[in-house]
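Novice: With the sequence up front, the predicted model follows.
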Amino acid sequence: MTVSHRMAVAGIIACALLTGCAPLNSFENEVLQSAKRGESNIKLPQHGPVDAWSSVLVVCPYADLSKIDSPFADGLPHAGPSESIPESSQSLIFTNGSETESLQLDRAQVDFCSQDLAEPFAADQSWAVSQSGEDGRYMLAPVS
């Protein structure tokens with residue numbers, strides 16, 4: 001492989017790892033499209049890493065991962081409670097019975113971490129949508 005081929009491959013890999021050029025997953029894309037339509041309240045899509053999920057826990061940067069109980073602890077995207085969520089990310093941990101999976105999302109477009117969220121939410125939870133005037137990202141907060 002020539003040097004120019006190696007550089008091209010390295011560029012493609014770097015682009016895929018950067019949030020600006022990585023494609024959105026279908027769950028994130030559906031949430032983003034609902035927010036862009038100007039809906040003031042939305043519900044999260046029922047498809048995700050766990051189909052027909054029943055509850056979700058939002059794990060934000062600086063969360064104390066050691067305080068996350070089962071079954072959500074089983075879905076932590078990192079090696080264990082001593083790890084942390086990067087500041088630019090948020091993890092949504094979905095459960096349905098004993099099945100638990102997480103989805104890590106970049107906070108640049110859709111941000112669930114504008115409030116301190118400590119408890120899981122049911123699948124039918126409504127989320128208020130607002131758009132940041134600073135950077136244009138959509139912030140979601142649970143509707144009481």
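Specialist: Looks like it arrived, so ask away.
Novice: Arg137 - how many residues pack around it?
Specialist: 17 (other CB atoms under 10 Å). All C-beta spots, glycine's among them, are computed from the backbone N, C-alpha and C.
Novice: measure it to Asp116 for me?
Specialist: Distance, Arg137 to Asp116, by CB to CB, to the nearest Å: 18 Å.
Novice: And for Glu87?
Specialist: For Glu87, the distance to Asp116 - CB to CB - is 15 Å.
Novice: likewise Phe72?
Specialist: From Phe72 to Asp116 the distance is 16 Å (CB to CB).
Novice: In terms of packing, which of the two has more residues around it?
Specialist: Phe72 (20 against 9).
Novice: Is it correct that the more buried one is in contact with Pro120?
Specialist: Yes: in this structure, Phe72 is within contact of Pro120 by CB atoms under 8 Å, at 6.6 Å.
Novice: any common contacting residues for these two?
Specialist: 57, 95 (CB atoms under 8 Å, 6 or more residues apart in numbering).
Novice: Check Leu105 and give its pLDDT.
Specialist: At Leu105, the pLDDT value in this model is 92.
Novice: which residues does it contact?
Specialist: Taking CB under 8 Å, 6+ apart as the test, what Leu105 contacts is 25, 28, 89-92, 112.
Novice: hmm, 7 Å instead?
Specialist: 28, 89-90, 92 (CB atoms under 7 Å, 6 or more residues apart in numbering).
Novice: List only those of the residues you listed flagged as buried.
Specialist: Among those, those buried by neighbour count (16 or more other CB atoms under 10 Å) are 28, 89-90, 92.
Novice: In strands only, show me the residues you listed.
Specialist: Of the buried ones among the contacts of Leu105, the ones assigned to strands by DSSP state E are 89-90, 92.
Novice: Include pLDDT when you put the residues you listed into a markdown table, please.
Specialist: Shown next, in a markdown table, are those (pLDDT from 0 to 100):
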| residue | pLDDT |
| --- | --- |
| Ser89 | 91 |
| Gln90 | 93 |
| Leu92 | 94 |
